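[1] kindly return the folded structure for what I paste below:
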Amino acid sequence: QVQLVESGGGLVQAGGSLTLSCGVSGRTFSIYTMGWFRQAPGKERAFVAGITKSANTTYADSVKGRFTISRDKNTIFLLMNSLKPEDTGVYYCARGRTLWVGTASNAYDSWGQGTQVTVSS
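    Numbering: from 1, shown residues only. Predicted coordinates for the structure are as follows:
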């Protein structure tokens, strides 16, 4: 059973930066596509960024140029720069079902518990 544990969330002012981490259990981590999603209050969970086993990346338009996803050993990271109040939400990491980066929630089969990111204006 795979386990994903996010960390690194917190409160930051607009324009600031945060780095989220997601530790993944399991020896086959490197073969999976991984993704980050976020859920704002009253909204559905939305795709933020994804990375394939070959380190090909995909980003939501709203975060392109500001966020960077990466992976190393059994951890994936999300470096978030130039944060905006609309980036506020619970951020989840997820393990993908496919070799490519899917942007829908059903393209992922295991999820972490989430970490809260709050950006104040």
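[2] for stretch 31-41, measure first residue to last.
    Length of stretch 31-41, first residue to last, C-alpha to C-alpha, to the nearest Å: 33 Å.
[3] what is the mean pLDDT for it?
    When pLDDT is averaged over stretch 31-41, the result is 94.
[4] chain center to that stretch, what's the gap?
    Centre-to-centre, stretch 31-41 and its host chain are 4 Å apart (C-alpha atoms, centre = their mean, to the nearest Å).
[5] got it, and stretch 83-100?
    Distance of stretch 83-100 from its chain centroid, counting by C-alpha atoms, centre = their mean, is 3 Å.
[6] check stretch 42-61 too.
    Using C-alpha atoms, centre = their mean, the offset of stretch 42-61 from its chain centre is 7 Å.
[7] and it, end to end?
    Using C-alpha to C-alpha, the end-to-end distance of stretch 42-61 comes out at 21 Å.
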